[in-house]
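Trainee: return a 3D structure for these sequence lines:
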Amino acid sequence: MRRFLRSGHDPIRERLKRDLFQFNKTVEHGFPHQPSALGYSSFLHLMAIGTRSGAIKLYGAPGVEFMGLHEETNTVMQIHFIPGQCRLVTLLDDNSLHLWTLKQSNSNLSELQEERHFTLRGPPGSPPSATQVTAILAHSSQELLYLGTESGNVFVVEIPSFRVLEDQTICPEVVLQCVPEDYRNRRSLELVEALREHPRNPNQILIGYSRGLIVLWDLINNKATHHFLASQQLENLFWQRNGHQIISCHSDGSYTQWPVSSDDRRPEPLESKVPYGPFPCKAISKIYWQTTKNGLPYIIFQGGMPRASYGDRHSISVVHGNRQTAFDFTSRVIDFFVIANADPFAEFDEPSAMVVLAEEELVVIDLMSPGWPSIQPPYLASLHCSAITCSHHVSNIPLKLWERIISAGNKQNQFSNMPWPIDGGTSKAPDPPQRDLLLTGHEDGTVRFWNASGVCLNLLYKLSTVKVFLTDADPNDNMNQLGEDEWPPLRKVGSFDPYSDDPRLGIQKIFLCKYSGYLAVAGTAGQVLVLELNDEEADQVIDRTEADLLQDQEGYKWKGHERLKTRDGPVRFEPGFQPFVLVQCQPPAVVTSLALHSEWKLVAFGTSHGFGLFDHQQKQLVFVKCTLHPSDQLALEGPLSRVKSLKKSLRQSFRRMRRSRVSTRKLRTAEVQEGISKHDHDALQEIELAPVQRKIEARSAEDSFTGFVRTLYFADTFLRDSSRHTPSLWAGTNGGTVYAFCLRVPPAERRMDEPVRAEQAKEIQLMHRAPVVGIVVLDGQSTPLPEPLEVAHDLSKSPNMQGSHQLLVVSEEQLKVFTLPKVSSKLKLKLTALEGCRVRKVSVANFASCKTEYSENALTVLTNLGDIQIISLPSLKIQVRYPCIRKEDVSGIASCVFTRYGQGFYLISPSEFERFSLSPKWLVEPRCLISVPESTGNSHVHSPSAVENASRKSNKESGWSSGDPHGEEKPPGRLMEHALLNDENVLKEIQSTLESGRGSYSDRNSRKIQVGHRLSNGGAE
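Mentor: The predicted structure follows:
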């Protein structure tokens, strides 16, 4: 059998690779991009959110998450749960209805599956508006949907079959017969704005038409029992719990109360009020009237603001007795609902919380606590409250540091203590094996610390660097501080704030040492801050040092932004990370690389002009190194100037074309000459044996940004000779240069007395001058050197200092291993020449077997094609390759961050991280079960009624029909597990489908789901 095996094929290694490596997209963290619809089930205690890309996401208790994707990438317009069932109906903007079911799988977990879809169609020749659905009522009979349309018709559809019951259609002509003749002649009904079921009698529904007519319709006798004539255009309706009153809201900013009694079939309004009048107001688009035991109702409505002064505000007002607050949101309100007593026969509503879906965040208001504070959501975090500029992941946080960060965050907390009110379902996911932090840097100068240990990504602590600098904004400004006589009584809520006081505050690099608690952050204007954790509020005097990276070289003039001005004197900081050192790079260019060594108390920083080393214990600059090439004029213009030399760009393009033509001409000449000689002919044949290698043009030293410092790395290794190891600093540039500096760090007892000294020991120039994106030193056993202080905390073995060390340099085009200290080339892997890709991100990860205790270190590499490759160390052999991100998604590739144990995160939208795993041992995924609650007190939901009996009548032959074969039951689609995308063929198939015509968000999402079918929360079945 051995002779049939391919050369180099090792079946034992192949089995081990299956145990070590496995690619899964596991969960999406953050806020859905472009939400468009909101639904809530008081029966299941689940919330559903639909998006413009056709995605639908369900959320319950923390850890309970489901996701589905419609076959069509149309906008989800409405979501309605079927009362008393684990089903919901979605309406898309193409007028199609989709029925989804939460079913229990063989693994005892629930999954969201699309059962059927259906499009309401009219008779031939009818206008589209005749069946354009505008309002949906999911009836408590659990078998009927009432569909209001633009034409004023209300169609009745049986579910789950989606069969139209044509004999029960409520036509506007029939409705008009019951209204006064003067009203009938004055106007048509126009579209159906609202459909509401009577809270006590399921055989009656309320129909609201846009022109202002409201009809109470008897489903048994198929006639109107009451009609209410409003003078203004109708926006929405609401039933009071006892069924004795209805509330309508209108386009002029008013709401009206109407009595419902058997005596008066055409009642006059009890009260009509314009809350923010008397001046013209915007429409009130939705309203709730919630009763309480103390007699004072909660009146909650969206909109209604004075048009002239506050017409641009996105508000929801809450009125309770004499108290009124208009919650002001920074983004458009999509929809909202109120959580109240779910028992339909309870006497009072007793509202507890208001859930608001805005365009950029989810806000939940506690209506039971004084002051109506916000509740911090355990999921759906607004990651992009200020635009994300960088991210940094730290695995396995020590418990002490974790508790101190949480404690600092709790002191910032101004949220309600109310338990999370949306608590449906049960999370079956195991407890996280370790504590992980994801740090995100933002445009407004803040760093947010997220708990990334499990399925829910929630905020632990927020650090702001703004206090260090003088900005135009007054820190004492508070938009929530309103005088007692302010009207309207606006109160800003939510965390989304897309505006930055100064773009120079933006955080570009973050480095956290989890053992010492030191944190280094660097920003857009060349600022580098070193911070330490303090459990108490303190006044800090920040030591300021300037690092001149140009070293007074003549002929260079910075054309970019100025540096940030700092505050004089001590600055008071709240508990948490507090800065004590500021290093200001000159010129104040964006900091492009950062490294912190907490054991040596050193921080290294790099920009497009050079790099430097700072001793934050003695607070002294150790050295600076200018890497600027004479042709790097673009490096002096800065990212905020947005100025580029078109002439220079064209000149460089022509030079590359000329070099390419010259090299091609030389190659042809050589081929002709080699054809003459037999020896040369044989050599040519040898060259042709490797046709897969691409010709890579050497980059010129004149190319711009060659001095751009891409990576910095500290290592204790053999730099001068093989007998003595010393601390060292390595720097890699955009021009393919690696600098190595030998450091002399005084021993601990003389650390404050003697300065740290540095001397350049090596300089390596890569042949093709490709940008250096990663540097790693391997010890005598070919193991990457441990992190600073990791050995001191007994969390890692001491590095092997007996054997010879190796230097791994990762450039965009190849991986190369050098021996130390001679720096002679030992091994290399040409990625660009062989694979046609370029390295964008690289990290060392530890991969552990899920079956044995075996583990190994490997390189995880993300390329510009969006592929992830796992490469063995030190042999540099590609183990596996997985398609992960679309190659067109440049921002997603740029945002990717790897973890130490084979996981990763990347942005699939400005507000969402996709989490993936490369190791079967480290899977963080939703595993949840939805159990149908026992019905308490809503017996009418399940009891047969005349409505149900009527729904079983056979259809009469007429022009109206479903007209859609999709009403037939669909066979279950191919299951695509939420976290176990193992099949490379399936991935390629989905990728090709997506690239042919999907929007960016749906492109990324649909990799996880067999399009339009179901998604499993859990392991493989």
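
Trainee: going by C-alpha atoms from here, please, whenever you check contacts or count neighbours.
Mentor: Will do.

Trainee: quick one: low-confidence ranges for the stretch 551-700 of the chain?
Mentor: By pLDDT under 70, the weakly predicted segments of the stretch 551-700 of the chain are 630-700.

Trainee: so which residues of it form strands?
Mentor: 571-573, 576-586, 593-597, 602-606, 610-615, 620-626 (DSSP state E, counting those that start in this stretch).

Trainee: out of those strands, which one sits most buried?
Mentor: Of all these, strand 602-606 has the most neighbours on average by mean count of other C-alpha atoms under 10 Å, namely a mean of 27.

Trainee: remind me what it packs against, helices and strands.
Mentor: Secondary-structure packing of strand 602-606 (3 or more C-alpha pairs under 8 Å, 6 or more residues apart in numbering; DSSP states H and E): strand 593-597, strand 610-615, strand 709-717.

Trainee: re earlier: save the strands of the stretch 551-700 of the chain as JSON lines, and put in distance to residue 20 too.
Mentor: Formatted as JSON lines, the strands of the stretch 551-700 of the chain follow (distance: least, C-alpha to C-alpha, whole Å):
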{"stretch": "strand 571-573", "distance to residue 20": "46"}
{"stretch": "strand 576-586", "distance to residue 20": "37"}
{"stretch": "strand 593-597", "distance to residue 20": "30"}
{"stretch": "strand 602-606", "distance to residue 20": "35"}
{"stretch": "strand 610-615", "distance to residue 20": "38"}
{"stretch": "strand 620-626", "distance to residue 20": "42"}
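
Trainee: quick check: which of those is nearest to residue 91?
Mentor: Judged by C-alpha to C-alpha, the one of the strands of the stretch 551-700 of the chain that comes nearest to residue 91 is strand 576-586, at 47.0 Å.

Trainee: how close does the residue lying closest to residue 890 once chain neighbours are set aside sit to residue 737?
Mentor: Spatially, and ignoring its direct neighbours in sequence, residue 890 is nearest to residue 864 (7.9 Å; C-alpha to C-alpha, 6 or more residues apart in numbering). Per C-alpha to C-alpha, to the nearest Å, residue 864 is found 21 Å from residue 737.

Trainee: show me the shaky parts of the stretch 701-850 of the chain.
Mentor: 701-704.

Trainee: in its sheet, what does the helix or strand hosting residue 25 sit against?
Mentor: In this structure, residue 25 is located in strand 24-30 according to DSSP states H and E. Sheet partners assigned to strand 24-30 using DSSP bridges are listed as strand 912-917 (antiparallel).

Trainee: ok, then the element right after the strand it pairs with?
Mentor: strand 928-929.

Trainee: which one of the helices and strands packed on strand 602-606 lies closest to residue 302?
Mentor: Residue 302 lies closest to strand 593-597 among the helices and strands packed on strand 602-606, at 47.2 Å (C-alpha to C-alpha).

Trainee: from residue 155, how far off is residue 170?
Mentor: 7 Å.

Trainee: can you list residues touching both of these two?
Mentor: With contacts taken as C-alpha atoms under 8 Å, 6 or more residues apart in numbering, residue 170 and residue 155 have no neighbour in common.

Trainee: quick one on the thing from earlier: which one, of the strands of the stretch 551-700 of the chain, ends up nearest to residue 16?
Mentor: Per C-alpha to C-alpha, nearest to residue 16 of the strands of the stretch 551-700 of the chain: strand 593-597, 34.5 Å.

Trainee: who touches the closest one?
Mentor: 509-513, 520, 522, 602-607, 709-714, 788.

Trainee: now do 7 Å
Mentor: 509, 511, 520, 602-607, 709-714, 788 (C-alpha atoms under 7 Å, 6 or more residues apart in numbering).

Trainee: just stretch 281-290 next, same as before
Mentor: Contacts for stretch 281-290 (C-alpha under 7 Å, 6+ apart): 235-236, 238, 240, 249-254, 297-307, 311, 349-351.

Trainee: go through these and flag which are in strands.
Mentor: Among the contacts of stretch 281-290, DSSP state E puts 235, 236, 238, 249, 250, 298, 299, 300, 301, 302, 303 in strands.

Trainee: of these - the most surrounded one?
Mentor: residue 249 (31 neighbours; other C-alpha atoms under 10 Å).

Trainee: neighbours of residue 849, how many?
Mentor: Neighbour count for residue 849, taken as other C-alpha under 10 Å: 18.

Trainee: that one against residue 19, yeah?
Mentor: Yes: counting by C-alpha atoms under 7 Å, residue 849 does reach residue 19; the two are 5.2 Å apart.

Trainee: per-domain residue ranges of the chain.
Mentor: Domain ranges of the chain: 10-31+837-929, 236-264+289-380, 388-412+435-476+501-628, per the TED database.

Trainee: closest one to residue 418 among those?
Mentor: domain 236-264+289-380 (6.9 Å).

Trainee: roughly how far out does the closest one sit from the chain middle?
Mentor: Distance of domain 236-264+289-380 from the chain centroid (C-alpha atoms, centre = their mean, to the nearest Å) equals 29 Å.

Trainee: what do you get for stretch 440-447?
Mentor: For stretch 440-447, the distance to the chain centre is 15 Å (C-alpha atoms, centre = their mean).

Trainee: and it, end to end?
Mentor: 6 Å.

Trainee: can you check stretch 59-70 too?
Mentor: 18 Å.

Trainee: change the start of the numbering to 264 and stick with it
Mentor: From this message on, residue numbering opens at 264, which makes the last subject stretch 322-333.

Trainee: quick check: mean pLDDT across that stretch?
Mentor: Confidence for stretch 322-333, expressed as mean pLDDT, is 95.

Trainee: same check, this time on stretch 357-368
Mentor: 94.

Trainee: output the below-cut-off pLDDT ranges for the stretch 1114-1263 of the chain.
Mentor: In the stretch 1114-1263 of the chain (pLDDT under 70), the answer is 1197-1263.
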